[in-house]
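K.L.:
Model the structure of this input:
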Amino acid sequence: ALAFVSLALISGVAYIAVLAGATGTAERLLVDRAARVVDAQVALVRSRLDPVGEQLELIASLAAAGRIDIESPVDVREALAVMMAQVPAVSAVGFATLDLKLHRAVREADGRIKRETVSLVEQPQGMERFRQLQTSQGTFWGALFWSEAIKQPVVNVRTPVRRIDNAFIGGLIATVAVGDLSY
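P.N.:
The predicted model follows:
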């Protein structure tokens, strides 16, 4: 009887030790798998968003060098429309000028690109965002906000346009619909 009880206790202790070790291993495997899934999603989102920032920086450097005539709304809107054709994730892109105008290109629901000029003052938080552009030194991602035009939240990236003497001459803003990223 003593041998049977001893054998049962040893077996029970061994079972608990194996179970505890297996639980830790399973937990580590689940955490590792979850981390890989999150990393893959981050990489996917970055692959959609990084080209947006890169294209804005390209347009900004062309405008700063005088290769795009920022005094011509037509030239600015056409350059922005070309950028939208190159980066399909962008739902809208605009160039904010010192006279508080926003020359922009907006992707319609049917895929066409509409070009227009609107007042920054009439845009929700337009002046606040413009002041952030004026004080920034490089490309940055703004806060998530609701777009009434496309009825969904959008992320936005902004790039100040500065001449070689660091004088602010305008700013570029691009938005990417969260629904398009989710899709």
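K.L.:
any idea which residue sits dead centre in the chain?
P.N.:
For the chain, the residue whose C-alpha lies nearest the mean C-alpha position (CA atoms, centre = their mean) is residue 49; its distance is 4.7 Å.
K.L.:
Could you verify that it is part of a helix?
P.N.:
Yes. Counting by DSSP: H, G, I helix; E, B strand; the rest coil, residue 49 is found in a helix.
K.L.:
OK, contacts around it?
P.N.:
Residues in contact with residue 49 (CB atoms under 8 Å, 6 or more residues apart in numbering) are 89, 141, 155, 157, 176, 181. From N, CA and C alone the C-beta is placed, and that goes for glycine too.
K.L.:
same check, this time on residue 53
P.N.:
For residue 53, the contacting residues are 139, 141, 157, 159, taking CB under 8 Å, 6+ apart as the criterion.
K.L.:
The third one belongs to a helix, doesn't it?
P.N.:
This means residue 157. No. With three-state DSSP as the criterion, residue 157 is located in strand rather than a helix.
K.L.:
Now do residue 54 against residue 127, distance only.
P.N.:
27 Å (CB to CB, to the nearest Å).
K.L.:
how about residue 24, what does it touch?
P.N.:
The neighbours of residue 24, taking CB under 8 Å, 6+ apart as the test, come to nothing; the list is empty.
K.L.:
Secondary structure element for it, which one?
P.N.:
For residue 24, the enclosing helix or strand under DSSP states H and E is helix 2-64.
K.L.:
Quick one: list the elements packing against the helix or strand just after that helix.
P.N.:
Scanning the chain past helix 2-64 towards its C-terminal end, the next helix or strand to appear is helix 73-86 (assignment: DSSP H and E). Taking 3 or more CB pairs under 8 Å, 6 or more residues apart in numbering; DSSP states H and E as the contact definition, the neighbouring helices and strands of helix 73-86 are helix 2-64, strand 90-96, strand 101-107, strand 113-119.
K.L.:
least reliable of those going by mean pLDDT?
P.N.:
With a mean of 85, helix 2-64 has the lowest mean pLDDT of the helices and strands packed on helix 73-86.
K.L.:
The helices and strands packed on helix 73-86 into a markdown table, with extra columns for distance to residue 168?
P.N.:
What follows is those, written out as a markdown table (distance: least, CB to CB, whole Å):
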| stretch | distance to residue 168 |
| --- | --- |
| helix 2-64 | 10 |
| strand 90-96 | 10 |
| strand 101-107 | 15 |
| strand 113-119 | 19 |
